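Asks: only geometry, no sequence info:
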């Protein structure tokens, strides 16, 4: 009886050790099973941890998006930009047509607006003594007087045309304005029996009444016009003359 009991006890001991080993193995397996998720979770992609994803653009995509034109092939020269040909210069303006003067004829009116002169012109034939001494004494009116022995305005004129008139001391007369308002460069009209001739003022001079007869105004100059009156600052001792030539262009 004792012998059998001892064998039974030994069998029970061995079974107990097997159970302990089994329990220990189960514990080890459990620990390993718990450790595996923790190890694998460290290698998981960002998305598994809720981290936002940032998409990176590959170099090829960046080049395609930012490049405007492909680089030239190494060793070649890119074509030069085409330049537009310069615009041709504007055509020169044609020269103004020459002015055709009406045939030479007696003057009948002078309209010199810039100097406030607008007068009727009458013919005046000086007597022999006045013509020889060139002493000018027109009628005492506000009009102008054309000296008929000399030239006439217009095409074919052979001499200077002279128109004279009085300046007045006690009233505003048209010829008074030649002393104060006439100016070189002014343009005015002389109406004749055949048309209108436009004149431009070339010069303005004053002469002593005693020396007027020897002044250059009496030279023969075809087409020229001279207006003569008393100089208002010295009406008894000085004359004023306005010399003009036809405007041909």
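Replies: Right, received. Where do you want to start? Keep in mind that this is a model prediction, so the values were computed, not measured. Numbering: from 1, shown residues only.

Asks: grab the longest strand from the chain for me.
Replies: Longest strand in the chain by number of residues, with DSSP state E as the criterion: strand 196-208.

Asks: what residues does that strand touch?
Replies: By CB atoms under 8 Å, 6 or more residues apart in numbering, the surrounding residues in contact with strand 196-208 are 99, 101-102, 153-154, 178, 182-190, 215, 217, 225, 231, 237-247. For glycine as for every other residue, the C-beta is placed from the backbone atoms N, C-alpha and C.

Asks: among those, which ones are in strands?
Replies: Those of the contacts of strand 196-208 mapping onto strands are 187-190, 225, 238-246, per DSSP E.

Asks: for the residues you listed, which one is nearest residue 162?
Replies: Checking the ones in strands among the contacts of strand 196-208 against residue 162 with CB to CB, the nearest one is residue 225 at 7.9 Å.

Asks: roughly how far apart are that closest one and residue 233?
Replies: As for residue 225, its distance to residue 233 is 24 Å (criterion: CB to CB, to the nearest Å).

Asks: so these two - more neighbours on which side?
Replies: Counted by other CB atoms under 10 Å, residue 225 and residue 233 do not tie: residue 225 has more neighbours, with 25 against 11.

Asks: who's in contact with that one?
Replies: The contact partners of residue 225, by CB under 8 Å, 6+ apart, come to 153, 160-163, 190, 199, 243-246.

Asks: what are the bridge partners for it, then?
Replies: residue 161, residue 244 (DSSP bridges).

Asks: got the angle for the longest strand of the chain vs strand 238-246?
Replies: Counting by axes from the mean of the first three to the mean of the last three CA atoms, to 10 degrees, strand 196-208 points 150 degrees away from the direction of strand 238-246.

Asks: pLDDT of strand 196-208, averaged?
Replies: Confidence for strand 196-208, expressed as mean pLDDT, is 97.

Asks: same check, this time on stretch 103-123
Replies: 97.

Asks: distance between the ends of it?
Replies: 18 Å (CA to CA, to the nearest Å).

Asks: which of the residues in it are buried?
Replies: By 16 or more other CB atoms under 10 Å, the buried positions in stretch 103-123 come out as 104-107, 110, 112, 115, 117, 119, 121-122.

Asks: likewise for stretch 181-200?
Replies: Along stretch 181-200, the positions that meet the burial threshold by neighbour count (16+ other CB under 10 Å) are 182, 186, 188-192, 194, 197, 199.

Asks: ok, now stretch 237-244?
Replies: 238-244.

Asks: of all these, which comes closest to residue 173?
Replies: For residue 173, the nearest member of the buried residues of stretch 237-244 is residue 240. The distance, counting by CB to CB, is 13.1 Å.

Asks: now that closest one, nearest residue through space, not along the chain?
Replies: The shortest distance from residue 240 to any residue other than its chain neighbours is 4.4 Å, reached at residue 231 (CB to CB, 6 or more residues apart in numbering).

Asks: circling back: now the buried residues of stretch 237-244 in TSV, with pLDDT?
Replies: Formatted as TSV, the entries for the buried residues of stretch 237-244 read as follows, by pLDDT from 0 to 100:
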residue	pLDDT
238	96
239	96
240	97
241	98
242	98
243	98
244	98
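
Asks: check those residues and tell me the two furthest apart.
Replies: 238 and 244 (20.1 Å).

Asks: quick check: the gap between residue 161 and residue 92.
Replies: 36 Å.

Asks: who has more neighbours out of those two?
Replies: When neighbours are counted by other CB under 10 Å, residue 161 and residue 92 differ, and residue 161 comes out ahead with 28 against 6.
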